[in-house]
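A.B. asks: predicted model, plus sequence, below.
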Amino acid sequence: MPRCQEMRAHIKELVSQALGYLKRDGELTFETEPVPEVERTRSREHGDYACNIAMVLARGLGMKPRDLAAKIRDRLPDSKRIEKVEIAGPGFLNFFASSHHLRMVVRDILRDADDYGRSPAGSREDVLLEYVSANPTGPLHVGHGRGAAHGASLSAILAAAGHTVHREYYVNDYGRQMDILAVSVWMRYLELAGERVVFPANGYRGDYIYDIAREVRSRHGDDLRHNGPDVTDGLPPDTGDDGDPEVFIDALIKRARELLGESGYEACFRAALETMVDDIRGDLDEFGVTFDRWFSERSLERSGALNRALQRLRDGGWLYEKDGATWFRATDLGDDKDRVVVRDNGRSTYFASDVAYLLDKFERCPGTSLYILGADHHGYVPRLKAAARGLGVDPERLEVQLVQFAVLYRGSERVQMSTRSGSFVTLRELREEVGKDAARYFYVMRSHDQHLDFDLELAKSRASENPVYYIQYAHARIQSVFRKLGETAHRYNPALGETAMERLDSDHEQELLRAVGRYPEVIESAAERRSPHMLAHYLHELAALFHAWYNNSHFLVEDDELRNARLNLINATGQVLRNGLALIGVSAPEEM
RNA sequence: GCGCCCGUAGCUCAGUUGGAUAGAGUGUCGGCCUCCGAAGCCGAAGGUCGCAGGUUCGAAUCCUGCCGGGCGCGCCA
């Protein structure tokens, strides 16, 4: 158990005991046992921890808060971890940590090392996170990047806080878009084979389609080749006055299935799907974003999960037939309209798959199922909640986190994001330009429900204005001090430093001690609020405290005790920076 | 029209679920390298927390109504 959590629990216990004494002696009476809340203070002058119990209870007891606070303080048991307790402001009890406590914090960090700040695995509920889940119809773009960075960072933070985490990518390999992709590949294949065919207006036009087509050609030769006229004759017009690209592409898909047969069509389809999923997986791997499972939408039908989910809704009386389709009575469950689950052509909808996947998640994960969605999907939330209710699952177990868009800037100039204009749009290009570390940090440095202005120039800057370099530089500087130490006659002696921790009495040192001790609370809080940006901010703050101290005083002094005490503190600081950066997928360089 | 999100320093944003004198970065201005990495530090200036009510010991935070911005309302995925 991290010491700071113990500290808060410790103070709560002290206050509870004091209240108990007051009650026993008949000085106070409560109807229900009060539960004290203890929080970190904002500024040093208010001590380290504050308790507002006197303000909460004063009214019911007909007392002035400060008077009550004084009574409580007088009965607080002694603790070697508390230096003093003051009454301040409207009635706060301010607790000042003793130097003994601060010494323990550094010792714990150095002892726990990479595990400092981590709670025991499995000590909290299971959480299944689904993130990215972009359609495998093209490369990931910078919009997906934020969801990926957010999901990966949050997963790591939740795991560090003791949750058992399941990370999943839902592969939409079932719908019409995939058919359009398959046909796009086939059309390029025909083009490469020398057939004269006009590419459909609604097809996927990216160069990667040619790559896949070439792959199909090298594997199947001319086996999938058909004459141009056979492919397009008799189809409705694609473009022009009475053309309709939507109608055309559907007809083309039908024609492709007829001409190619099951196995030929499947060849194009599988080549397209596998290439795209591999590409996305590789892209995310390089971004430090990984998954425990890539969940195939198609598998829901094959495994019977789809029918099982629909049957469950039917059993609950939530399905009805109308206009040849099967509808889900979502309006009775909080949604604003009923939803089709099986179309009049007999094919199930995307939403039906979602219901089945949702049920599957609930069955596999006993805790919370967390969706990380782009903000443009917020309209989807009520129907997911309705689905949970319809399945007979507590909708509280379904949690949705909406991630707002990222807007790219080059300096003050906004980067137009258009596939057509060719101005860069893929995540891969972003990584290549600014690097993985900067991209990961920038994506999570703002609250997920806030729009993000992503400045490419700033992300590439190698100066303190760039928060990533600023934090990494603090870490590199710390390692540099130890390298420098190696060039002197002195050797680092942590045990000696530990006996002299009370020598760290300057404001800079005290602030830094407080900050490194706060780290486990930051993890806990960031996990609870599902807010990786809290960690990003904390790391910047920690780096700032270090830089200020570094510029203010010298570490490699002649005094053996003081030098080793200071080395202990910067060693602990480096450890915390490393641990925190690891959670948001940013490296902690030894030198820069 | 209905629904969701957002309005905090010139700009970009925090604000520990209702606490103390609202904080960082950046920009502007002024300082600091004979010294462990100046990729850094110190200081100054900068605010009607969109507006108006309400809730209470206490509101940037919760409630209501406006104003302004973004997004969503398919038998698409």
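C.D. replies: Alright, I've got the coordinates.

A.B. asks: next, count neighbours for residue A:298.
C.D. replies: 16 (other C-beta atoms under 10 Å). (C-beta placed from N, C-alpha, C; glycine too.)

A.B. asks: quick one, what contacts residue A:455?
C.D. replies: A:409, A:410, A:411 (C-beta atoms under 8 Å, 6 or more residues apart in numbering).

A.B. asks: which of these fall within strands?
C.D. replies: The strands, defined by DSSP state E, take in A:409, A:410 from the contacts of residue A:455.

A.B. asks: list the buried residues of the one helix or strand residue A:570 maps to.
C.D. replies: Using DSSP states H and E, residue A:570 sits within helix A:560-583. Neighbour counts using 16 or more other C-beta atoms under 10 Å place A:561, A:563-581, A:583 of helix A:560-583 among the buried residues.

A.B. asks: and the stretch 101-250 of chain A, which residues reach RNA strand B?
C.D. replies: Where the stretch 101-250 of chain A comes near RNA strand B, counting by C-beta under 7 Å from any atom of the strand, the residues are A:135, A:172, A:174, A:175, A:176, A:177, A:178.

A.B. asks: distance check, the one residue in the stretch 351-500 of chain A that gets nearest to RNA strand B against residue A:576.
C.D. replies: Residue nearest to RNA strand B within the stretch 351-500 of chain A (C-beta to the nearest atom of the strand): residue A:464, separated by 1.6 Å. Distance check for residue A:464 against residue A:576: by C-beta to C-beta, to the nearest Å, it reads 20 Å.

A.B. asks: one more: residue A:168?
C.D. replies: 30 Å.

A.B. asks: now list the buried members of the contacts of residue A:455.
C.D. replies: Using 16+ other C-beta under 10 Å, no member of the contacts of residue A:455 is buried.

A.B. asks: which parts of the stretch 251-400 of chain A are strands?
C.D. replies: Assigned by DSSP state E, counting those that start in this stretch, the stretch 251-400 of chain A shows strands spanning A:293-296, A:319-322, A:325-328, A:339-342, A:368-374, A:398-403.

A.B. asks: export those to a markdown table and tack on mean neighbour count, mean pLDDT and distance to residue A:235?
C.D. replies: Below are those laid out as a markdown table (neighbours: other C-beta atoms under 10 Å; pLDDT from 0 to 100; distance: least, C-beta to C-beta, whole Å):
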| stretch | mean neighbour count | mean pLDDT | distance to residue A:235 |
| --- | --- | --- | --- |
| strand A:293-296 | 16 | 96 | 31 |
| strand A:319-322 | 12 | 94 | 32 |
| strand A:325-328 | 20 | 96 | 27 |
| strand A:339-342 | 20 | 95 | 27 |
| strand A:368-374 | 21 | 94 | 34 |
| strand A:398-403 | 18 | 92 | 40 |
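
A.B. asks: now those strands as a markdown table including distance to RNA strand B?
C.D. replies: Converted to a markdown table, these look like this (distance: least, C-beta to the nearest atom of the strand, whole Å):
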| stretch | distance to RNA strand B |
| --- | --- |
| strand A:293-296 | 12 |
| strand A:319-322 | 6 |
| strand A:325-328 | 4 |
| strand A:339-342 | 3 |
| strand A:368-374 | 8 |
| strand A:398-403 | 7 |
